[in-house]
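Visitor: give me coordinates for this.
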Amino acid sequence: MQLQADIKISEYSVVPKRISEKELQQKNLLLSLSIFQDEIEAAIIDLTNYSVYAVYGYASYQRKFSPNEYVFIINDFVHRYHLYNITFKMIEIIYSSPHFTFCPTEFFLSEHKQELLQFTHPIDANEIVLTNDFNDIKIIYSIHKNIYQNLLQLFPSARLYHSATAMLHILFYHPVLIHSKLWIHIHPDYIEVIAKNQKQFLFYNTFDTQSSLDVLYYVLFCIEQLELTPKETDVYISGNVSMQHSIIQLLQKYVHTVQFVHHHPKLHILPTDAHLLTQYYFITLNHSLCVSSQENTKAEK
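Guide: The predicted model follows:
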């Protein structure tokens, strides 16, 4: 099996230009790995001062990855960037499963998690059901067994988060989004939409998209479902899209403002790089800082 020609590869690294591989091994490193439905991203970050040493990405702009293709692509990704040769203090994996649901923690019983998920999504024998927690919410989701076993073999100590969990952490604890209501993360073939009202979680869902008009339709649909007014709604955007993209220009005609999110102020990008200073690789780069903020907040109470 070979990497398909339609997969775009992106790389940003200061190794070995500014930091030698030997110096890198002496750092207190985090590997943040995001496995989206049509993208894979990884960031190597120093946990001591949150310096970003490398960001890598694969993206498919014509289709989503199949379960069998996922395993090959993940392995190719790990070997291409020699991630198995680096000692990491912490590894977090963000996984975007299309099969997910939410349940209040007080009503959740672990032995019923599969039944709860099957209320909203059919799952088969090749999937296993996992959970995450965010405040009083239980996020229930499935992952293909082959993908899960492959990730466990590669990164046995990793923490696994559903992308909804990651977006909840960021929406509630990122200083740019802490006062926002609606945030859209744009992927090549789908979008993730999440909303809150002050400290109350309102909505999360994913929508398949093939054009900028699809994105506009689903954003306006979500605004309507949330009983907001388009011309009074600020929409925050992240993802590997530029301000000149037709999606942004369309949205600007219908909503109050369209604002790109910015990386966490504690995140330190070593050289100036336009792709890393705004909305690019946003979830991958910002999630761990927001998890730390949540943990610190809990510790203070």
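Visitor: residues in contact with stretch 210-230?
Guide: 181-182, 184, 186, 189, 191, 193, 195, 202-203, 205, 207-209, 233, 235, 245-247, 250-251, 254-256 (C-beta atoms under 8 Å, 6 or more residues apart in numbering). C-beta: built from backbone N, CA, C; applies to glycine.
Visitor: take those residues and keep only those in strands.
Guide: Residues of the contacts of stretch 210-230 located in strands (DSSP state E): 182, 184, 186, 191, 193, 195, 202-203, 205, 207-208, 235.
Visitor: for residue 46, state which of those residues is nearest.
Guide: residue 186 (28.1 Å; C-beta to C-beta).
Visitor: filter the contacts of stretch 210-230 to the buried ones?
Guide: Burial by neighbour count, 16 or more other C-beta atoms under 10 Å: within the contacts of stretch 210-230 this picks out 181-182, 184, 186, 189, 191, 193, 195, 207, 209, 233, 235, 245, 247, 250-251, 255.
Visitor: on that earlier part again, out of the ones in strands among the contacts of stretch 210-230, who's nearest residue 6?
Guide: Looking across the ones in strands among the contacts of stretch 210-230 and measuring by C-beta to C-beta, the closest to residue 6 is residue 208, at 17.3 Å.
Visitor: re the thing from before, any chance of TSV for the ones in strands among the contacts of stretch 210-230, columns pLDDT and distance to residue 51?
Guide: Output for the ones in strands among the contacts of stretch 210-230, formatted as TSV (pLDDT from 0 to 100; distance: C-beta to C-beta, whole Å):
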residue	pLDDT	distance to residue 51
182	98	31
184	98	28
186	96	27
191	97	30
193	98	31
195	98	32
202	97	35
203	96	35
205	98	35
207	98	35
208	97	36
235	97	31
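Visitor: and of those, the nearest to residue 9?
Guide: The closest of these, once distances to residue 9 are taken by C-beta to C-beta, is residue 186, at 19.2 Å.
Visitor: okay, now the residue lying closest to the closest one once chain neighbours are set aside: neighbour count?
Guide: Once flanking residues are discounted, residue 186 sits nearest to residue 239: 3.4 Å by C-beta to C-beta, 6 or more residues apart in numbering. Residue 239 is flanked by 22 other residues according to other C-beta atoms under 10 Å.
Visitor: ok, residue 239 to residue 247 distance?
Guide: Using C-beta to C-beta, to the nearest Å, residue 239 is found at 9 Å from residue 247.
Visitor: hey, what's in contact with both of the two?
Guide: By C-beta under 8 Å, 6+ apart, the residues touching both residue 239 and residue 247 are residue 186.
Visitor: so where's this protein uncertain?
Guide: 1-2, 5, 271-277, 300-301 (pLDDT under 70).
Visitor: top helix in it by residue count?
Guide: helix 282-300 (DSSP state H).
Visitor: report the separation between the closest residue to residue 294 other than its chain neighbours and residue 89.
Guide: Once flanking residues are discounted, residue 294 sits nearest to residue 173: 5.2 Å by C-beta to C-beta, 6+ apart. In this view, residue 173 and residue 89 are 21 Å apart by C-beta to C-beta.
Visitor: out of these two, which sits in the busier spot?
Guide: residue 173 (21 against 13).
Visitor: these two touch, right, that one and residue 287?
Guide: No - using C-beta atoms under 8 Å, residue 173 is not in contact with residue 287, being 9.7 Å away.
Visitor: what about the helices in this structure?
Guide: Under DSSP H, the chain gives helices at 21-25, 67-80, 113-118, 145-154, 163-173, 212-225, 246-254, 282-300.
Visitor: in CSV: those, plus distance to residue 96.
Guide: Shown next, in CSV, are the helices of the chain (distance: least, C-beta to C-beta, whole Å):
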stretch, distance to residue 96
helix 21-25, 28
helix 67-80, 11
helix 113-118, 15
helix 145-154, 11
helix 163-173, 4
helix 212-225, 16
helix 246-254, 19
helix 282-300, 9
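Visitor: from the ones you listed, which stretch is densest packed?
Guide: helix 163-173 (a mean of 24; mean count of other C-beta atoms under 10 Å).
Visitor: quick one: that one to chain centroid distance?
Guide: What separates the centre of helix 163-173 from the centre of its chain is 9 Å, taken as C-alpha atoms, centre = their mean, to the nearest Å.
Visitor: begin at 48, not 1, for the rest of this chat.
Guide: Done: numbering now begins at 48, and the last item shifts to helix 210-220.
Visitor: identify the residues contacting it?
Guide: By C-beta under 8 Å, 6+ apart, helix 210-220 touches 81, 83, 141-144, 147, 149, 179, 181, 184, 186, 188, 208, 224-225, 227, 230, 232, 239, 241, 243, 246, 248, 251, 329-330, 333-334, 337-338, 340-341, 344.
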